[in-house]
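>>> Got a predicted structure plus its sequence, pasted below:
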Amino acid sequence: MPESFFILSKDYLELAIDEVTTIVKMYDRFAKIKIISNLVIVQSKTNANKISDRLTFVKTSGQILRKMSGLFLDQENFQVLKNTKTFVCRVINLSSNQFNTSELENSMGDMISKFTNAKVKLENPDITVYLIFTNEENFFGFSEKIKERKRPKKIKKYPHELDWKLTRVMINLTGLKKGQTLCDPFCGTGTTLLESESMGINAIGIDFDQKMCEISKENLKINGYKSKILKSDFQELVKISEKFDGIVTDLPYGRSSKISEKPEDILKRLISIIPKHKKIAIMFKKELDPKMKLKGLKKYQIYRHKSLTRTILIK
């Protein structure tokens, strides 16, 4: 079975690893996953590009051609470059050993040039060839040139709105698939809706503030997205429970929120009305967790600044 590799950013590494795991299992529940530091090796029938297209904190991904005990490469290793015009070599050292990376890359480039008709091109080559070193195993792999992911546009923003990367991770951790529907009961300027639609997931936004509803609509319109926006209290969830598969939201907090009700009361009421069997990803102030003793599949602590740490609850 084909093997893929994913080099993850070390920002929120636990989140990043769980995100890869969730998406891989969503596509192929029989996939095998191995984690070495911030390297994730996946044995699956699902293409690496299809997986990485959903992910947030992946720096590099590709297909593994073989595992290596040393730097012993021959012509057979370079068949992937047989009809390729341009390539570049990259060494990724995740081990405790010291390497002269530039020298290795140049040597490998010279070797490949002898076995193929491909030419080295440092910028935007057809194929990137990788040597990945870890303390456990070494890997030889490659990735093909792919189009850069198109980010949703946002013409209007608001202070303290949810970071798009954390939004995307939360959506992915629910395991929602293309064609399913997500609901954000505190949609604000529409960050969750934009990220959701960019992944082919339908979305419904709810907000009691007319101004926020209008901003969300404008941000959706400029991207050509069709999410529904409902001006209502979050308790609207009960009425539309049959229309969505999961909830992803950032609980309002602080001075930026116009809600007069205490955050702990909002969270308590929200949890109490969420229909059973719905996938959930909720972000809230860390201080609320001990008060309510919230239980979920997993919790993550997200440090924002010295006076604010957020908790992400996945259920």
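Right, received. Where do you want to start? In this text the structure is predicted, and so the values were computed from the model without any measurement.
>>> What does the nearest residue to residue 313 once chain neighbours are set aside show for phi and psi?
The shortest distance from residue 313 to any non-neighbouring residue, by Cβ to Cβ, 6 or more residues apart in numbering, is to residue 296 (4.4 Å). (C-beta placed from N, C-alpha, C; glycine too.) Main-chain torsions, residue 296, degrees, to the nearest 10: phi -160, psi 180.
>>> ok, residue 296 - contacts?
Residue 296 makes contact with 280, 313, 314, 315, according to Cβ atoms under 8 Å, 6 or more residues apart in numbering.
>>> what about residue 249, which SS state?
Under DSSP: H, G, I helix; E, B strand; the rest coil, the three-state class of residue 249 is strand.
>>> Residue 304 now?
Using three-state DSSP, the structure places residue 304 in strand.
>>> Tell me how far the nearest residue to it once chain neighbours are set aside lies from residue 231.
Nearest non-adjacent residue to residue 304, counting by Cβ to Cβ, 6+ apart: residue 310, 5.9 Å away. As defined by Cβ to Cβ, to the nearest Å, residue 310 lies at a distance of 26 Å from residue 231.
>>> Go ahead and confirm residue 20 touches residue 55.
Yes. Using Cβ atoms under 8 Å, residue 20 makes contact with residue 55 at a distance of 6.3 Å.
>>> The two - which one has more neighbours?
A direct count of neighbours by other Cβ atoms under 10 Å for residue 20 and residue 55 places residue 20 higher, at 26 against 21.
>>> Could I get the CA-only coordinates of the helix or strand in which residue 103 is found as CSV?
Here residue 103 sits within helix 101-115, counting by DSSP states H and E. Extracted in CSV, the C-alpha atoms of helix 101-115 (Å, rounded to 0.1, in the frame of the first residue of the first chain):
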residue,chain,number,x,y,z
THR,A,101,22.5,19.9,4.0
SER,A,102,23.6,21.9,1.0
GLU,A,103,26.3,19.4,0.1
LEU,A,104,23.9,16.5,0.3
GLU,A,105,21.3,18.3,-1.8
ASN,A,106,24.0,19.1,-4.5
SER,A,107,25.4,15.6,-4.5
MET,A,108,21.9,14.1,-4.9
GLY,A,109,21.1,16.6,-7.6
ASP,A,110,24.2,15.6,-9.5
MET,A,111,23.4,11.9,-9.1
ILE,A,112,19.9,12.3,-10.4
SER,A,113,21.0,14.4,-13.4
LYS,A,114,23.3,11.5,-14.5
PHE,A,115,20.4,9.0,-14.3
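>>> Check which helices and strands it sits against.
The contact analysis (3 or more Cβ pairs under 8 Å, 6 or more residues apart in numbering; DSSP states H and E) places helix 101-115 against strand 86-93, strand 119-120, strand 127-133.
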